[in-house]
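*Asks:* When you get a sec, could you give me coordinates for this:
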Amino acid sequence: MIEANVGDRLVDARGRTIGRVDAVYADYLLVRTRGLLPTDLYVPRPEVNRIDERRLQVAKTSAQAHEAWHRPLRRAPHD
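*Replies:* Residues are numbered from 1 along each chain as shown. Alright, predicted model coming up:
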């Protein structure tokens with residue numbers, strides 16, 4: 001399993017930035033996407049490879065990564 005750090009940049013298969021690692025857990029990385037409406041992606045650690053000191057890469061496009069690893073809330077936490 002790769003070593004990941006908060007702040008590392010996650011890129012897609014084409015080298016385009018998906019987001020930055022916001023938290024590191026035993027079996028997944030919490031990645032905050034960039035853009036006007038950032039979302040959280042829960043990326044399984046076995047899916048990630050290190051390509052240099054500050055960049056990690058997955059073998060999916062940004063759209064595929066969002067579809068596979070975005071977990072929106074089903075309802076508001078206060079309901």
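*Asks:* okay but residue 24 is in contact with residue 7, surely?
*Replies:* No - if you go by C-beta atoms under 8 Å, residue 24 and residue 7 don't touch, sitting 10.2 Å apart. Heads up, the C-betas are built off the backbone N, CA and C, glycines and all.
*Asks:* More neighbours: the two, which one.
*Replies:* Between residue 24 and residue 7, counted using other C-beta atoms under 10 Å, residue 24 has the larger neighbour count: 14 against 9.
*Asks:* chain center to the longest strand along the chain, what's the gap?
*Replies:* Assignment by DSSP state E gives strand 17-24 as the longest strand of the chain. Computed by C-alpha atoms, centre = their mean, to the nearest Å, the chain-centroid distance of strand 17-24 equals 5 Å.
*Asks:* Touching it from outside, list them.
*Replies:* 4-12, 29-34, 38, 40-41, 56, 58, 62, 65 (C-beta atoms under 8 Å, 6 or more residues apart in numbering).
*Asks:* In it, which residues are buried?
*Replies:* Buried residues in strand 17-24, counted by 16 or more other C-beta atoms under 10 Å: 18-21.
*Asks:* With stretch 44-59 instead?
*Replies:* 45, 47-48, 56-58.
*Asks:* do stretch 31-38 as well
*Replies:* Buried residues in stretch 31-38, counting neighbours by 16+ other C-beta under 10 Å, are found at 31-33.
*Asks:* pLDDT of it, averaged?
*Replies:* Mean pLDDT, stretch 31-38: 89.
*Asks:* Please write out the alpha-carbon positions of it in PDB.
*Replies:* Taking Å, rounded to 0.1, in the frame of the first residue of the first chain, the C-alpha atoms of stretch 31-38 are listed here in PDB:
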ATOM      1  CA  VAL A  31     -10.000  13.600  -1.400                       C
ATOM      2  CA  ARG A  32     -11.600  17.000  -1.800                       C
ATOM      3  CA  THR A  33     -12.200  17.900  -5.400                       C
ATOM      4  CA  ARG A  34     -11.400  21.300  -6.800                       C
ATOM      5  CA  GLY A  35     -13.900  23.700  -8.400                       C
ATOM      6  CA  LEU A  36     -16.800  26.000  -7.400                       C
ATOM      7  CA  LEU A  37     -18.700  23.200  -5.600                       C
ATOM      8  CA  PRO A  38     -16.000  20.800  -4.200                       C
END
